[in-house]
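Enquirer: I'll drop the sequence and a predicted model, then ask my questions.
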Amino acid sequence: MTEFVAPNFKPFGERYVFIEIPGQDVRSAQRFIWALARAARMLPGVVESVPGLGSLTLLIDRSQTSAAQLERALANVRPHSAEETSVVEIVVRYDGEDLEDVARRTGLSSAEVVDLHAGREYVAYFLGFQPGFAYLGDLDARLVVPRRASPRARVPAGAVAIADGMTAVYPFASPGGWNVLGHTDAVVFDAERGGATIQPGARVRFIAS
């Protein structure tokens, strides 16, 4: 069991509190972040919570709360497990522009890259870059490759890609430098139906079509 490490609460400007989880592995830190975000949203004066990688930023109303008050209110929060959530399954056509290049760079066959990518369960660490863009970890160590040296001017919506130990689905067409392994028809952001399909802490599995 990972030893409990108390978070650091730091005022950030006039309206923000930055909470950092020191000295833990990424997944343990993220479990703590999700629990803190969930608890913070119930407190007076917390306007918005934004999970990051190993950190949580809170937008607050200074007339109702402060960093010190939040630290006291959240003192008894402990990490929760991602296993409490259901699994989001995403069907993927592994026909990506970078599939063969990733295979070459990792010394694997294209089929082995697909099997490794689709053969494990991921956890959504946080959302960023675009609305609904969930950073999913952790990739099998054999698939860890850096971003492309030259980002593409346009990556299509639904592109399933990897970079630096994580994988993600592009919610919208945009420039991007991740390595595209395939494509999905799954909608990962719908503003009319509640926003992001994959929320921080969700478990995700890719299914090869």
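Expert: Right, received. Where do you want to start?
Enquirer: now the residue of the chain most remote from its centre: which helix or strand?
Expert: In the chain, the greatest distance from the average C-alpha position (CA atoms, centre = their mean) is reached by Ser63, at 31.7 Å. With elements taken from DSSP states H and E, nothing contains Ser63; it lies in neither a helix nor a strand.
Enquirer: what's the closest non-adjacent residue to it?
Expert: Distances taken as CB to CB, 6 or more residues apart in numbering put Gly45 closest to Ser63, at 7.5 Å, once the chain neighbours are dropped. Placement of C-beta: from N, CA and C, glycine included.
Enquirer: equivalent analysis for Val87, please.
Expert: Leaving aside its sequence neighbours, Val87 sits nearest to Arg203 (CB to CB, 6+ apart; 4.7 Å).
Enquirer: which ones are touching Gly45?
Expert: Ile60, Asp61, Arg62, Ser63, Gln64, Thr65, Gln69 (CB atoms under 8 Å, 6 or more residues apart in numbering).
Enquirer: got the domain ranges for this structure?
Expert: Using automatic domain parsing, the domain parsing of the chain gives 8-80, 84-208.
Enquirer: okay, those in TSV with mean pLDDT next?
Expert: Supplementary listing: the domains of the chain in TSV, determined by pLDDT from 0 to 100:
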stretch	mean pLDDT
domain 8-80	88
domain 84-208	93
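Enquirer: show the pLDDT at Glu3.
Expert: Glu3 is assigned 62 on the pLDDT scale.
Enquirer: my guess is the residue nearest to Val87 contacts Val88, does it?
Expert: Yes: because the distance of 6.9 Å satisfies CB atoms under 8 Å, Arg203 is recorded as touching Val88.
Enquirer: buried ones in whichever helix in the chain runs longest?
Expert: Taking DSSP state H as the criterion, the chain has its longest helix at helix 26-40. Burial within helix 26-40, assessed by neighbour count using 16 or more other CB atoms under 10 Å, is assigned to 26-37, 39-40.
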